[in-house]
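>>> Show me how the following folds:
(2 chains)
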Amino acid sequence: MSARTVTIAAVAAIAAVAALIEAAHAELGLVVERATGSLQLVDNAKRASLARIDGLGDLSHASLVYSGDGRFAYVFGRDGGLTKIELASAKVVARVVQAGNSIGGAISRDGRLVAVANYEPGGVKLFDAQTLELLSEIPATYGNDGKRAKVVGIADAPGNRFVFSLFEASEIWIADVADPRRPRVRKLANIGREPYDALITPDGRHYIAGLFGEDGLALVDLADVEAGARRILADYGRGQEKLPVYKMPHLRGWAVAGPYAFLPAIGRHEVLVVERAGWREVVRIPAHGQPVFVMARPDGGQVWVNFALPRNDTVQVIDVERLAIVQTLRPGKAVLHMEFSGAGDEVWISARDDDRVVIYDTASFARIAEIPAQSPSGIFFTWRAKRIGM
Amino acid sequence: MAGMNVRVGAALLVAGASLAPAALAGDAPEAARRAQLVSLVRQDCGSCHGMMLKGGLGPALTRAALRDKPPRSLVATVLYGRPGTPMPPWREFVTSAEAEWIVRQLQEGTLHER
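Model prediction:
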(Lines give C-alpha, C1' and ligand atoms only; values in the text may rest on other atoms or scores of the structure.)
Protein backbone atom coordinates (compact mmCIF):
# COMPACT_ATOMS: atom_id res chain seq x y z
CA MET A 1 0.00 0.00 0.00
CA SER A 2 1.54 3.34 -1.00
CA ALA A 3 1.79 6.29 1.38
CA ARG A 4 -0.68 8.14 -0.79
CA THR A 5 -3.26 5.36 -0.59
CA VAL A 6 -2.88 5.23 3.19
CA THR A 7 -3.34 9.01 3.43
CA ILE A 8 -6.44 8.88 1.25
CA ALA A 9 -7.85 6.02 3.31
CA ALA A 10 -7.17 7.88 6.56
CA VAL A 11 -8.76 11.07 5.28
CA ALA A 12 -11.75 9.10 4.04
CA ALA A 13 -12.10 7.37 7.40
CA ILE A 14 -11.96 10.66 9.29
CA ALA A 15 -14.47 12.20 6.90
CA ALA A 16 -16.77 9.20 7.34
CA VAL A 17 -16.64 9.46 11.13
CA ALA A 18 -17.24 13.20 10.98
CA ALA A 19 -20.16 12.65 8.64
CA LEU A 20 -21.56 10.03 11.00
CA ILE A 21 -21.39 12.28 14.05
CA GLU A 22 -22.93 15.11 12.11
CA ALA A 23 -25.61 12.86 10.69
CA ALA A 24 -26.65 11.82 14.17
CA HIS A 25 -27.54 15.41 14.97
CA ALA A 26 -28.84 16.75 11.72
CA GLU A 27 -32.40 16.57 10.60
CA LEU A 28 -32.01 14.31 7.63
CA GLY A 29 -34.50 13.25 5.04
CA LEU A 30 -34.96 11.29 1.85
CA VAL A 31 -36.47 12.55 -1.37
CA VAL A 32 -37.84 9.97 -3.79
CA GLU A 33 -36.85 10.52 -7.41
CA ARG A 34 -39.56 8.49 -9.02
CA ALA A 35 -38.46 8.36 -12.64
CA THR A 36 -34.88 7.28 -11.97
CA GLY A 37 -35.52 4.92 -9.07
CA SER A 38 -33.17 6.86 -6.82
CA LEU A 39 -33.28 8.69 -3.50
CA GLN A 40 -31.60 11.91 -2.48
CA LEU A 41 -30.35 12.11 1.08
CA VAL A 42 -31.03 15.69 2.20
CA ASP A 43 -30.16 17.82 5.19
CA ASN A 44 -33.13 19.84 6.37
CA ALA A 45 -31.09 22.31 8.42
CA LYS A 46 -28.63 23.06 5.61
CA ARG A 47 -31.30 22.83 2.92
CA ALA A 48 -28.83 20.76 0.94
CA SER A 49 -28.54 17.46 -0.85
CA LEU A 50 -25.88 15.20 0.69
CA ALA A 51 -25.93 12.11 -1.53
CA ARG A 52 -27.86 10.15 -4.10
CA ILE A 53 -28.73 6.50 -3.57
CA ASP A 54 -29.41 4.42 -6.69
CA GLY A 55 -30.62 0.98 -7.56
CA LEU A 56 -33.98 0.91 -5.81
CA GLY A 57 -36.07 -0.30 -8.75
CA ASP A 58 -39.45 1.23 -9.65
CA LEU A 59 -40.11 4.03 -7.18
CA SER A 60 -43.11 5.46 -9.02
CA HIS A 61 -45.29 5.16 -5.93
CA ALA A 62 -42.64 4.79 -3.27
CA SER A 63 -43.01 5.52 0.40
CA LEU A 64 -40.77 4.80 3.35
CA VAL A 65 -40.66 4.53 7.13
CA TYR A 66 -37.80 5.07 9.56
CA SER A 67 -36.49 2.90 12.36
CA GLY A 68 -37.23 4.42 15.77
CA ASP A 69 -33.70 5.86 16.07
CA GLY A 70 -33.85 7.34 12.57
CA ARG A 71 -30.72 5.43 11.50
CA PHE A 72 -32.41 3.32 8.86
CA ALA A 73 -35.10 3.83 6.26
CA TYR A 74 -37.26 1.08 4.79
CA VAL A 75 -38.31 1.95 1.26
CA PHE A 76 -41.37 0.37 -0.32
CA GLY A 77 -41.18 0.37 -4.13
CA ARG A 78 -44.00 -0.12 -6.57
CA ASP A 79 -42.30 -3.22 -8.00
CA GLY A 80 -42.42 -5.07 -4.68
CA GLY A 81 -38.92 -4.04 -3.70
CA LEU A 82 -38.25 -3.57 0.01
CA THR A 83 -34.95 -1.77 0.55
CA LYS A 84 -33.21 -0.94 3.81
CA ILE A 85 -31.05 2.19 3.70
CA GLU A 86 -28.49 3.29 6.26
CA LEU A 87 -28.62 7.08 6.35
CA ALA A 88 -25.15 7.69 7.82
CA SER A 89 -23.47 5.86 4.94
CA ALA A 90 -26.15 6.61 2.32
CA LYS A 91 -25.96 2.95 1.35
CA VAL A 92 -28.37 0.11 0.64
CA VAL A 93 -27.74 -2.41 3.42
CA ALA A 94 -30.43 -4.96 2.53
CA ARG A 95 -32.91 -5.43 -0.28
CA VAL A 96 -35.53 -8.01 -1.24
CA VAL A 97 -38.08 -8.06 -4.05
CA GLN A 98 -40.95 -9.54 -2.09
CA ALA A 99 -44.00 -9.15 -4.37
CA GLY A 100 -45.00 -8.14 -7.87
CA ASN A 101 -46.68 -4.88 -6.97
CA SER A 102 -46.84 -3.07 -3.65
CA ILE A 103 -48.22 0.10 -2.21
CA GLY A 104 -46.54 0.80 1.12
CA GLY A 105 -45.62 -0.48 4.53
CA ALA A 106 -45.23 0.15 8.21
CA ILE A 107 -42.79 -0.59 11.01
CA SER A 108 -43.85 -2.07 14.34
CA ARG A 109 -43.79 0.19 17.38
CA ASP A 110 -40.88 -1.79 18.86
CA GLY A 111 -38.95 -1.56 15.60
CA ARG A 112 -38.57 -5.33 15.20
CA LEU A 113 -40.90 -5.89 12.27
CA VAL A 114 -41.54 -4.33 8.90
CA ALA A 115 -44.89 -5.07 7.24
CA VAL A 116 -45.45 -4.53 3.53
CA ALA A 117 -48.88 -4.08 1.93
CA ASN A 118 -49.06 -5.71 -1.48
CA TYR A 119 -51.40 -5.36 -4.44
CA GLU A 120 -50.06 -8.39 -6.24
CA PRO A 121 -50.26 -10.95 -4.78
CA GLY A 122 -52.75 -9.19 -2.49
CA GLY A 123 -51.76 -9.44 1.14
CA VAL A 124 -49.28 -8.43 3.80
CA LYS A 125 -45.80 -9.81 4.39
CA LEU A 126 -43.90 -9.49 7.65
CA PHE A 127 -40.13 -9.10 7.72
CA ASP A 128 -37.44 -9.02 10.36
CA ALA A 129 -36.42 -5.34 10.43
CA GLN A 130 -32.80 -6.24 11.07
CA THR A 131 -32.24 -8.72 8.25
CA LEU A 132 -35.33 -8.42 6.01
CA GLU A 133 -35.90 -12.14 6.50
CA LEU A 134 -39.49 -13.08 5.61
CA LEU A 135 -41.28 -14.20 8.78
CA SER A 136 -44.83 -14.77 7.58
CA GLU A 137 -47.46 -13.83 5.07
CA ILE A 138 -51.11 -12.84 5.45
CA PRO A 139 -52.90 -13.44 2.12
CA ALA A 140 -55.79 -11.00 1.64
CA THR A 141 -58.17 -13.74 0.59
CA TYR A 142 -61.84 -12.86 0.67
CA GLY A 143 -65.20 -14.28 -0.41
CA ASN A 144 -65.68 -17.93 -1.28
CA ASP A 145 -63.60 -18.38 -4.43
CA GLY A 146 -60.13 -17.65 -3.09
CA LYS A 147 -59.77 -14.22 -4.67
CA ARG A 148 -57.18 -11.88 -3.16
CA ALA A 149 -57.78 -8.19 -2.57
CA LYS A 150 -55.30 -5.34 -2.92
CA VAL A 151 -54.15 -4.19 0.48
CA VAL A 152 -54.07 -0.47 1.25
CA GLY A 153 -53.69 1.80 4.26
CA ILE A 154 -51.40 -0.27 6.46
CA ALA A 155 -50.61 1.24 9.86
CA ASP A 156 -48.75 0.18 12.97
CA ALA A 157 -51.00 0.15 16.04
CA PRO A 158 -50.38 -0.23 19.76
CA GLY A 159 -50.30 -3.75 21.14
CA ASN A 160 -48.15 -5.44 18.47
CA ARG A 161 -50.73 -4.89 15.78
CA PHE A 162 -50.83 -3.90 12.15
CA VAL A 163 -54.12 -2.65 10.71
CA PHE A 164 -54.90 -2.55 6.99
CA SER A 165 -57.77 -2.40 4.50
CA LEU A 166 -58.78 -4.61 1.57
CA PHE A 167 -59.81 -2.54 -1.45
CA GLU A 168 -62.07 -5.01 -3.30
CA ALA A 169 -63.27 -6.82 -0.18
CA SER A 170 -64.48 -3.77 1.76
CA GLU A 171 -62.85 -5.16 4.90
CA ILE A 172 -60.46 -3.93 7.58
CA TRP A 173 -58.13 -6.49 9.14
CA ILE A 174 -56.30 -6.19 12.43
CA ALA A 175 -53.29 -8.50 12.69
CA ASP A 176 -51.85 -9.30 16.10
CA VAL A 177 -48.17 -9.99 15.43
CA ALA A 178 -47.00 -10.75 18.97
CA ASP A 179 -45.75 -13.98 17.37
CA PRO A 180 -44.69 -12.67 13.95
CA ARG A 181 -44.42 -16.17 12.49
CA ARG A 182 -48.05 -16.84 13.42
CA PRO A 183 -50.05 -13.63 13.12
CA ARG A 184 -53.63 -13.72 14.40
CA VAL A 185 -56.06 -11.80 12.24
CA ARG A 186 -59.34 -10.21 13.27
CA LYS A 187 -61.47 -9.30 10.24
CA LEU A 188 -64.07 -6.55 10.11
CA ALA A 189 -66.44 -6.98 7.16
CA ASN A 190 -68.74 -4.54 5.35
CA ILE A 191 -66.80 -1.50 6.44
CA GLY A 192 -67.82 0.46 3.30
CA ARG A 193 -67.09 0.18 -0.41
CA GLU A 194 -63.55 0.35 -1.74
CA PRO A 195 -61.31 1.63 1.04
CA TYR A 196 -58.49 3.40 -0.85
CA ASP A 197 -56.14 4.41 1.97
CA ALA A 198 -56.23 4.84 5.73
CA LEU A 199 -54.62 6.50 8.72
CA ILE A 200 -54.08 5.91 12.39
CA THR A 201 -54.46 8.89 14.72
CA PRO A 202 -51.25 10.07 16.44
CA ASP A 203 -52.48 8.72 19.79
CA GLY A 204 -52.81 5.26 18.22
CA ARG A 205 -56.46 5.03 19.19
CA HIS A 206 -58.42 5.28 15.93
CA TYR A 207 -57.98 3.83 12.45
CA ILE A 208 -59.81 5.65 9.65
CA ALA A 209 -60.16 4.29 6.12
CA GLY A 210 -61.24 6.58 3.29
CA LEU A 211 -63.84 5.10 0.96
CA PHE A 212 -63.80 5.52 -2.78
CA GLY A 213 -66.97 3.60 -3.60
CA GLU A 214 -69.30 5.60 -1.37
CA ASP A 215 -69.43 8.77 0.70
CA GLY A 216 -67.88 8.74 4.13
CA LEU A 217 -65.06 7.00 5.93
CA ALA A 218 -64.82 3.90 8.11
CA LEU A 219 -63.70 4.41 11.71
CA VAL A 220 -62.36 1.68 14.00
CA ASP A 221 -61.75 2.29 17.70
CA LEU A 222 -58.64 0.18 18.29
CA ALA A 223 -59.42 0.06 22.00
CA ASP A 224 -62.72 -1.64 21.15
CA VAL A 225 -62.24 -3.64 17.97
CA GLU A 226 -65.20 -5.87 18.80
CA ALA A 227 -67.49 -2.88 18.23
CA GLY A 228 -66.49 -3.07 14.56
CA ALA A 229 -66.20 -0.21 12.10
CA ARG A 230 -68.61 2.66 12.04
CA ARG A 231 -69.24 5.15 9.26
CA ILE A 232 -68.37 8.81 9.69
CA LEU A 233 -69.17 11.73 7.36
CA ALA A 234 -71.51 9.34 5.61
CA ASP A 235 -73.40 11.88 3.55
CA TYR A 236 -70.84 14.49 2.56
CA GLY A 237 -71.71 14.06 -1.11
CA ARG A 238 -75.45 14.02 -0.44
CA GLY A 239 -76.03 11.75 -3.41
CA GLN A 240 -74.72 14.30 -5.89
CA GLU A 241 -72.74 13.10 -8.85
CA LYS A 242 -69.03 13.01 -8.10
CA LEU A 243 -66.43 14.90 -10.06
CA PRO A 244 -63.82 12.68 -11.70
CA VAL A 245 -60.82 11.87 -9.51
CA TYR A 246 -57.54 11.97 -11.44
CA LYS A 247 -55.43 10.93 -8.48
CA MET A 248 -56.33 9.04 -5.33
CA PRO A 249 -55.96 11.02 -2.12
CA HIS A 250 -53.58 9.79 0.58
CA LEU A 251 -54.24 9.45 4.28
CA ARG A 252 -51.75 9.31 7.16
CA GLY A 253 -51.49 10.45 10.76
CA TRP A 254 -50.74 13.99 9.59
CA ALA A 255 -54.46 14.51 8.98
CA VAL A 256 -54.92 15.35 12.66
CA ALA A 257 -54.52 18.95 13.89
CA GLY A 258 -55.64 19.96 17.37
CA PRO A 259 -59.20 18.80 18.06
CA TYR A 260 -59.88 18.05 14.38
CA ALA A 261 -59.06 15.65 11.58
CA PHE A 262 -58.84 17.15 8.09
CA LEU A 263 -59.84 14.74 5.35
CA PRO A 264 -60.06 14.90 1.56
CA ALA A 265 -63.54 14.55 0.06
CA ILE A 266 -63.72 12.13 -2.87
CA GLY A 267 -65.04 13.59 -6.11
CA ARG A 268 -65.60 16.97 -4.49
CA HIS A 269 -63.35 19.98 -4.25
CA GLU A 270 -63.57 20.10 -0.48
CA VAL A 271 -61.63 19.40 2.67
CA LEU A 272 -63.82 17.78 5.32
CA VAL A 273 -63.25 18.76 8.92
CA VAL A 274 -64.39 16.37 11.62
CA GLU A 275 -64.07 16.77 15.38
CA ARG A 276 -62.21 13.96 17.09
CA ALA A 277 -64.30 14.06 20.24
CA GLY A 278 -67.50 12.78 18.62
CA TRP A 279 -66.39 12.27 15.00
CA ARG A 280 -69.08 14.66 13.75
CA GLU A 281 -68.63 16.97 10.81
CA VAL A 282 -67.60 20.50 11.77
CA VAL A 283 -67.37 22.17 8.38
CA ARG A 284 -66.46 21.55 4.76
CA ILE A 285 -63.86 23.90 3.38
CA PRO A 286 -64.22 24.55 -0.37
CA ALA A 287 -60.83 24.07 -2.03
CA HIS A 288 -59.12 24.64 -5.37
CA GLY A 289 -59.42 21.06 -6.61
CA GLN A 290 -59.61 17.39 -5.64
CA PRO A 291 -57.41 17.23 -2.51
CA VAL A 292 -54.64 14.60 -2.55
CA PHE A 293 -52.53 15.28 0.56
CA VAL A 294 -54.19 17.16 3.43
CA MET A 295 -51.31 17.57 5.88
CA ALA A 296 -51.16 19.30 9.25
CA ARG A 297 -48.06 21.21 10.24
CA PRO A 298 -46.53 19.36 13.23
CA ASP A 299 -47.77 22.03 15.67
CA GLY A 300 -51.30 21.72 14.27
CA GLY A 301 -51.59 25.41 13.40
CA GLN A 302 -51.92 25.00 9.66
CA VAL A 303 -53.06 22.36 7.18
CA TRP A 304 -51.53 22.34 3.71
CA VAL A 305 -53.39 20.82 0.76
CA ASN A 306 -52.27 19.81 -2.72
CA PHE A 307 -54.49 18.72 -5.58
CA ALA A 308 -55.02 16.19 -8.33
CA LEU A 309 -54.56 16.80 -12.05
CA PRO A 310 -55.38 19.25 -13.67
CA ARG A 311 -55.02 21.53 -10.63
CA ASN A 312 -51.77 20.06 -9.45
CA ASP A 313 -49.71 23.26 -9.70
CA THR A 314 -51.37 24.72 -6.62
CA VAL A 315 -51.11 24.36 -2.86
CA GLN A 316 -53.52 25.91 -0.36
CA VAL A 317 -53.07 26.59 3.33
CA ILE A 318 -55.86 26.25 5.88
CA ASP A 319 -55.62 28.16 9.15
CA VAL A 320 -56.79 25.70 11.81
CA GLU A 321 -58.01 28.38 14.21
CA ARG A 322 -60.19 30.02 11.56
CA LEU A 323 -60.98 26.84 9.58
CA ALA A 324 -60.48 28.84 6.38
CA ILE A 325 -58.05 28.97 3.51
CA VAL A 326 -55.59 31.79 4.13
CA GLN A 327 -53.06 31.29 1.34
CA THR A 328 -52.83 29.94 -2.21
CA LEU A 329 -49.40 29.18 -3.66
CA ARG A 330 -48.13 27.96 -7.03
CA PRO A 331 -44.92 26.05 -6.24
CA GLY A 332 -44.49 24.53 -9.71
CA LYS A 333 -45.68 21.92 -12.17
CA ALA A 334 -47.12 18.66 -10.81
CA VAL A 335 -46.88 19.15 -7.07
CA LEU A 336 -46.80 15.61 -5.70
CA HIS A 337 -45.94 15.86 -2.03
CA MET A 338 -45.22 18.15 0.90
CA GLU A 339 -43.15 17.59 4.04
CA PHE A 340 -42.77 19.85 7.05
CA SER A 341 -39.57 20.29 8.99
CA GLY A 342 -39.84 18.84 12.48
CA ALA A 343 -40.30 22.32 13.93
CA GLY A 344 -42.87 23.14 11.27
CA ASP A 345 -41.16 26.38 10.28
CA GLU A 346 -40.51 25.14 6.73
CA VAL A 347 -42.29 22.98 4.23
CA TRP A 348 -40.57 21.17 1.37
CA ILE A 349 -42.71 20.68 -1.73
CA SER A 350 -41.87 18.42 -4.66
CA ALA A 351 -42.67 19.85 -8.10
CA ARG A 352 -42.23 16.78 -10.28
CA ASP A 353 -42.34 18.37 -13.73
CA ASP A 354 -40.06 21.24 -12.72
CA ASP A 355 -37.48 18.75 -11.42
CA ARG A 356 -37.08 20.52 -8.11
CA VAL A 357 -38.04 20.64 -4.47
CA VAL A 358 -39.25 24.08 -3.40
CA ILE A 359 -38.90 25.19 0.22
CA TYR A 360 -41.31 27.66 1.82
CA ASP A 361 -41.38 29.47 5.13
CA THR A 362 -44.71 28.47 6.69
CA ALA A 363 -45.08 31.74 8.64
CA SER A 364 -44.37 34.27 5.87
CA PHE A 365 -45.15 31.93 2.91
CA ALA A 366 -41.90 33.19 1.36
CA ARG A 367 -40.16 30.89 -1.09
CA ILE A 368 -36.77 30.49 0.53
CA ALA A 369 -34.82 27.84 -1.39
CA GLU A 370 -34.88 25.18 -4.10
CA ILE A 371 -33.11 21.86 -4.46
CA PRO A 372 -32.80 20.23 -7.90
CA ALA A 373 -34.19 16.68 -8.05
CA GLN A 374 -35.22 14.36 -10.87
CA SER A 375 -39.02 13.96 -10.94
CA PRO A 376 -39.28 14.27 -7.15
CA SER A 377 -42.25 12.71 -5.38
CA GLY A 378 -42.28 11.73 -1.69
CA ILE A 379 -40.19 13.67 0.86
CA PHE A 380 -39.63 12.10 4.27
CA PHE A 381 -37.76 13.67 7.19
CA THR A 382 -36.41 11.60 10.07
CA TRP A 383 -38.66 13.27 12.66
CA ARG A 384 -41.28 10.80 11.43
CA ALA A 385 -39.33 8.08 13.24
CA LYS A 386 -40.81 9.14 16.58
CA ARG A 387 -44.39 9.45 15.37
CA ILE A 388 -47.16 6.86 15.28
CA GLY A 389 -48.75 6.24 11.91
CA MET A 390 -46.16 8.03 9.80
CA MET B 1 -36.65 -13.88 -34.45
CA ALA B 2 -39.87 -15.78 -35.05
CA GLY B 3 -41.26 -14.29 -31.83
CA MET B 4 -40.42 -10.83 -33.03
CA ASN B 5 -42.19 -11.38 -36.33
CA VAL B 6 -45.27 -12.54 -34.50
CA ARG B 7 -45.15 -9.41 -32.37
CA VAL B 8 -44.73 -7.10 -35.33
CA GLY B 9 -47.56 -8.93 -37.06
CA ALA B 10 -49.83 -8.54 -34.05
CA ALA B 11 -49.00 -4.85 -33.83
CA LEU B 12 -49.83 -4.36 -37.49
CA LEU B 13 -53.08 -6.25 -37.04
CA VAL B 14 -54.02 -4.05 -34.10
CA ALA B 15 -53.05 -0.92 -35.99
CA GLY B 16 -55.01 -2.11 -39.00
CA ALA B 17 -58.05 -2.98 -36.91
CA SER B 18 -58.00 0.39 -35.18
CA LEU B 19 -57.75 2.27 -38.45
CA ALA B 20 -60.55 0.42 -40.19
CA PRO B 21 -63.71 2.00 -38.73
CA ALA B 22 -64.22 5.62 -39.69
CA ALA B 23 -64.71 6.61 -36.06
CA LEU B 24 -61.20 5.49 -35.23
CA ALA B 25 -59.38 7.02 -38.19
CA GLY B 26 -57.52 9.83 -36.41
CA ASP B 27 -54.34 11.53 -37.55
CA ALA B 28 -51.25 10.78 -35.48
CA PRO B 29 -50.43 13.69 -33.15
CA GLU B 30 -47.43 15.95 -33.83
CA ALA B 31 -44.10 15.05 -32.23
CA ALA B 32 -44.28 17.65 -29.45
CA ARG B 33 -47.79 16.60 -28.53
CA ARG B 34 -46.77 12.94 -28.65
CA ALA B 35 -44.11 13.66 -26.01
CA GLN B 36 -46.79 15.28 -23.83
CA LEU B 37 -49.07 12.29 -24.28
CA VAL B 38 -46.30 9.85 -23.38
CA SER B 39 -45.66 11.87 -20.23
CA LEU B 40 -49.40 11.95 -19.46
CA VAL B 41 -49.65 8.17 -19.78
CA ARG B 42 -46.57 7.38 -17.71
CA GLN B 43 -47.05 10.00 -15.01
CA ASP B 44 -50.78 10.54 -14.70
CA CYS B 45 -52.29 7.27 -15.92
CA GLY B 46 -49.33 5.91 -13.96
CA SER B 47 -50.81 7.26 -10.72
CA CYS B 48 -53.15 4.28 -10.73
CA HIS B 49 -51.73 1.96 -13.40
CA GLY B 50 -48.08 2.32 -12.35
CA MET B 51 -45.43 4.40 -14.07
CA MET B 52 -44.22 1.22 -15.76
CA LEU B 53 -47.89 0.49 -16.57
CA LYS B 54 -47.67 -2.83 -14.77
CA GLY B 55 -50.72 -2.00 -12.69
CA GLY B 56 -51.51 -0.50 -9.31
CA LEU B 57 -54.95 0.23 -7.98
CA GLY B 58 -55.89 0.12 -11.66
CA PRO B 59 -55.12 -2.87 -13.91
CA ALA B 60 -51.90 -3.33 -15.89
CA LEU B 61 -51.75 -1.57 -19.27
CA THR B 62 -48.98 -3.70 -20.72
CA ARG B 63 -49.17 -5.12 -24.21
CA ALA B 64 -49.85 -8.57 -22.80
CA ALA B 65 -52.70 -7.29 -20.62
CA LEU B 66 -54.35 -5.40 -23.49
CA ARG B 67 -53.66 -7.83 -26.32
CA ASP B 68 -57.18 -9.24 -26.62
CA LYS B 69 -59.09 -6.07 -25.84
CA PRO B 70 -60.98 -4.37 -28.68
CA PRO B 71 -59.27 -1.02 -29.37
CA ARG B 72 -62.60 0.74 -29.77
CA SER B 73 -63.68 -0.12 -26.23
CA LEU B 74 -60.28 0.88 -24.85
CA VAL B 75 -60.57 4.26 -26.59
CA ALA B 76 -64.06 4.68 -25.09
CA THR B 77 -62.69 3.83 -21.64
CA VAL B 78 -59.97 6.47 -21.99
CA LEU B 79 -62.40 9.15 -23.18
CA TYR B 80 -65.41 8.44 -21.02
CA GLY B 81 -64.00 6.52 -18.05
CA ARG B 82 -65.64 3.48 -16.54
CA PRO B 83 -68.57 4.45 -14.32
CA GLY B 84 -68.72 2.51 -11.07
CA THR B 85 -64.93 2.23 -10.95
CA PRO B 86 -62.24 4.80 -10.13
CA MET B 87 -61.38 5.17 -13.86
CA PRO B 88 -62.22 8.80 -14.74
CA PRO B 89 -62.98 10.25 -18.21
CA TRP B 90 -59.94 11.83 -19.90
CA ARG B 91 -61.74 13.70 -22.68
CA GLU B 92 -60.90 16.95 -20.94
CA PHE B 93 -57.23 16.17 -21.59
CA VAL B 94 -57.09 14.25 -24.90
CA THR B 95 -58.98 14.30 -28.19
CA SER B 96 -60.49 11.16 -29.72
CA ALA B 97 -57.60 10.95 -32.17
CA GLU B 98 -55.11 11.22 -29.32
CA ALA B 99 -56.92 8.56 -27.32
CA GLU B 100 -56.73 6.27 -30.37
CA TRP B 101 -53.02 6.96 -30.67
CA ILE B 102 -52.50 6.20 -26.95
CA VAL B 103 -54.42 2.94 -27.20
CA ARG B 104 -52.41 1.94 -30.26
CA GLN B 105 -49.14 2.62 -28.45
CA LEU B 106 -50.29 0.70 -25.39
CA GLN B 107 -51.31 -2.30 -27.45
CA GLU B 108 -47.99 -2.17 -29.27
CA GLY B 109 -46.18 -1.90 -25.94
CA THR B 110 -44.18 1.20 -26.82
CA LEU B 111 -45.11 3.33 -23.82
CA HIS B 112 -43.96 1.27 -20.88
CA GLU B 113 -40.29 1.50 -21.85
CA ARG B 114 -38.44 4.21 -19.95
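>>> alpha carbons only for contacts and neighbour counts from here, please
Noted.
>>> Just the closest residue of the stretch 151-300 of chain A to chain B, please.
Nearest residue of the stretch 151-300 of chain A to chain B (CA to the nearest CA) works out as A:Pro244 at 5.2 Å.
>>> ok, now how distant is that residue from B:Gly55?
From A:Pro244 across to B:Gly55, the span is 20 Å (CA to CA, to the nearest Å).
>>> before we move on, back to that, from what I can see the residue of the stretch 151-300 of chain A closest to chain B touches B:Pro89, true?
Yes: using CA atoms under 8 Å, A:Pro244 is in contact with B:Pro89, at 7.0 Å.
>>> re earlier: what number of residues are in the vicinity of the residue of the stretch 151-300 of chain A closest to chain B?
Per other CA atoms under 10 Å in any protein chain shown, the neighbour tally for A:Pro244 reads 17.
>>> Apart from its neighbours in sequence, what residue is nearest it?
B:Pro88 (5.2 Å; CA to CA, 6 or more residues apart in numbering or on different chains).
>>> hang on, that neighbour in a helix?
No: read with DSSP: H, G, I helix; E, B strand; the rest coil, B:Pro88 is coil and lies in no helix.
>>> List the contacts of it.
Neighbouring residues of B:Pro88 by CA atoms under 8 Å, 6 or more residues apart in numbering or on different chains: A:244-246, B:78, B:80-82.
>>> Now secondary structure, distance to B:Ala31 and pLDDT too, for the residues you listed, in JSON lines please.
Below are the contacts of B:Pro88 laid out as JSON lines (DSSP: H, G, I helix; E, B strand; the rest coil; distance: CA to CA, whole Å; pLDDT from 0 to 100):
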{"residue": "A:Pro244", "secondary structure": "coil", "distance to B:Ala31": "29", "pLDDT": "94"}
{"residue": "A:Val245", "secondary structure": "coil", "distance to B:Ala31": "28", "pLDDT": "96"}
{"residue": "A:Tyr246", "secondary structure": "coil", "distance to B:Ala31": "25", "pLDDT": "96"}
{"residue": "B:Val78", "secondary structure": "helix", "distance to B:Ala31": "21", "pLDDT": "98"}
{"residue": "B:Tyr80", "secondary structure": "helix", "distance to B:Ala31": "25", "pLDDT": "97"}
{"residue": "B:Gly81", "secondary structure": "coil", "distance to B:Ala31": "26", "pLDDT": "97"}
{"residue": "B:Arg82", "secondary structure": "coil", "distance to B:Ala31": "29", "pLDDT": "95"}
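>>> now, among these, which is nearest to B:Val103?
Within those, distances to B:Val103 taken as CA to CA reach their minimum at B:Val78, with 8.4 Å.
>>> Counting neighbours, which bits of stretch A:317-333 end up buried?
Residues of stretch A:317-333 classed as buried by neighbour count (16 or more other CA atoms under 10 Å in any protein chain shown): A:317-320, A:324-325, A:328, A:331-333.
>>> Okay, strands next: where are they in the stretch 151-300 of chain A?
Assigned by DSSP state E, counting those that start in this stretch, the strands in the stretch 151-300 of chain A fall at A:151-157, A:161-166, A:171-176, A:184-188, A:195-200, A:206-211, A:217-221, A:229-232, A:256-257, A:260-264, A:270-275, A:281-286, A:291-296.
>>> most tightly surrounded among those?
Counting by mean count of other CA atoms under 10 Å in any protein chain shown, strand A:151-157 has the highest mean neighbour count of the strands of the stretch 151-300 of chain A, with a mean of 29.
>>> Show me what it packs onto, helices and strands only.
strand A:101-107, strand A:113-120, strand A:161-166, strand A:195-200 (3 or more CA pairs under 8 Å, 6 or more residues apart in numbering or on different chains; DSSP states H and E).
>>> can you tell me if the third one touches chain B.
Same thing as strand A:161-166. No: for a cut-off given as CA under 8 Å from any CA of the partner chain, strand A:161-166 has no contacts with chain B; the smallest distance is 11.4 Å.
>>> what do you get for the longest one?
Yes: where contact is defined by CA under 8 Å from any CA, part of strand A:113-120 touches chain B, namely A:Tyr119.
>>> Check which helices and strands that strand sits against.
strand A:101-107, strand A:123-128, strand A:151-157.
>>> Leaving out the residues flanking it, which one is nearest to the closest residue to chain B within the stretch 51-200 of chain A?
The stretch 51-200 of chain A approaches chain B most closely through A:Ser60 (5.7 Å), counting by CA to the nearest CA. Nearest residue to A:Ser60 in three dimensions, chain neighbours excluded: A:Arg34, at 4.7 Å (CA to CA, 6+ apart).
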